[in-house]
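Asks: Pasting the sequence and the predicted model now:
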Amino acid sequence: MTDRYSSFAEWFASTDGEYLRSREQIILDAMTADLFGFNAVQVGLRNVDLLRASRIKHRYRLDVAVGADLLADPARLPFAGQSIDLLVLPHALEFFPYPHQILREAERVLIPEGNLLISGFNPWSLWGVYYRYKRARGNFVWEDRFVSLHRLRDWLSLIGCEQQDCRSCCFVPPLAQTGWVRWFEWLETAGEHWWAKGGGVYFVHAVKRVHGMRLILPDWQDRRDLGRLLRPASRALQSGSRDE
């Protein structure tokens, strides 16, 4: 387990992280509702169901800690190539080590034209400035390596993924007091219209492109069986972790 991601996941599921969690859930509900396929995987944040609005039948949460459907290193995904229709990486590139390897694994397991959703903190937002200030003062809840949108787009192009959509949320400053958050809530609507790139968190929807090839997909029956085959494996992994 990575201490960096563990501390962030605990904060995200806490009362302090409630505002961020609720705003991200709204955006991801909207982005996943109309994406179809057989298998969807959420990597990280096992205590939050970011795939709840998806209509894909087989949905799994993969993490490095007990409690997830599947225990695995995000840099070594336990799936066959071209077997996943939708992969969601909530803040995984910032808090897990080896972000480039995580993206390469994402490209490997996604089917051609498969969907990749990535969320991350915007370093050039009020949230990014606030947490850089907190870190400089040595008062930081979790250590980060924020990835800018520009850099993420470069990384995606290197693995053959094409951006389809980009959204933002959390235009409200990162305030602890609920009353102040409610007072500034009008910024969410205003920000979406007038400052689209200024949100504290961005969401990128990319599609895996395979150009100049005749696509031969895995047998549909085999892909439907993937969900049945994964469940016993995940139980075995969790049982093994408890025995240690």
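Replies: Yes, it's here.

Asks: Spell out the residue ranges of the helices in the chain.
Replies: Using DSSP state H, the helices of the chain run over residues 3-12, 18-32, 92-95, 99-109, 126-136, 149-158, 178-183, 186-194, 220-243.

Asks: Between helix 3-12 and the second one, find me the angle.
Replies: By that I understand helix 18-32. When axes from the mean of the first three to the mean of the last three CA atoms, to 10 degrees is applied, the directions of helix 18-32 and helix 3-12 differ by 100 degrees.

Asks: For helix 18-32, name the packing helices and strands.
Replies: Contacts defined by 3 or more CB pairs under 8 Å, 6 or more residues apart in numbering; DSSP states H and E place helix 18-32 against strand 84-90, strand 110-121, strand 161-169, strand 201-208. Quick note: C-beta positions are derived from backbone N, CA and C, even for glycine.

Asks: Strand partners (parallel or antiparallel) of the first one?
Replies: When you say that, I think you mean strand 84-90. strand 39-43 (parallel), strand 110-121 (parallel) (DSSP bridges).

Asks: beta partners of residue 167?
Replies: residue 203.

Asks: Now do the end-to-end distance for stretch 46-58.
Replies: Start-to-end span of stretch 46-58 (CA to CA, to the nearest Å) is 16 Å.

Asks: Tell me the buried residues in it?
Replies: Neighbour-count burial for stretch 46-58, counted by 16 or more other CB atoms under 10 Å, picks out 46, 48, 50-51, 53-54, 56, 58.

Asks: Just these: which are in strands?
Replies: residue 58 (DSSP state E).

Asks: Out of the buried residues of stretch 46-58, the closest to residue 40 would be?
Replies: Taking CB to CB as the measure, residue 56 is the one of these closest to residue 40, at 4.2 Å.

Asks: now the helices and strands packed on helix 18-32 in a markdown table, with mean pLDDT and distance to residue 20?
Replies: Output for these, formatted as a markdown table (pLDDT from 0 to 100; distance: least, CB to CB, whole Å):
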| stretch | mean pLDDT | distance to residue 20 |
| --- | --- | --- |
| strand 84-90 | 97 | 11 |
| strand 110-121 | 95 | 9 |
| strand 161-169 | 91 | 8 |
| strand 201-208 | 95 | 7 |
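
Asks: Nearest to residue 67, out of those?
Replies: Between the helices and strands packed on helix 18-32, strand 84-90 lies closest to residue 67; by CB to CB that is 15.7 Å.

Asks: So which residues make contact with the closest one?
Replies: Here strand 84-90 makes contact (CB atoms under 8 Å, 6 or more residues apart in numbering) with 24, 28, 32, 35-45, 48, 50-51, 54, 56, 74, 102, 106, 109-111, 114-119.
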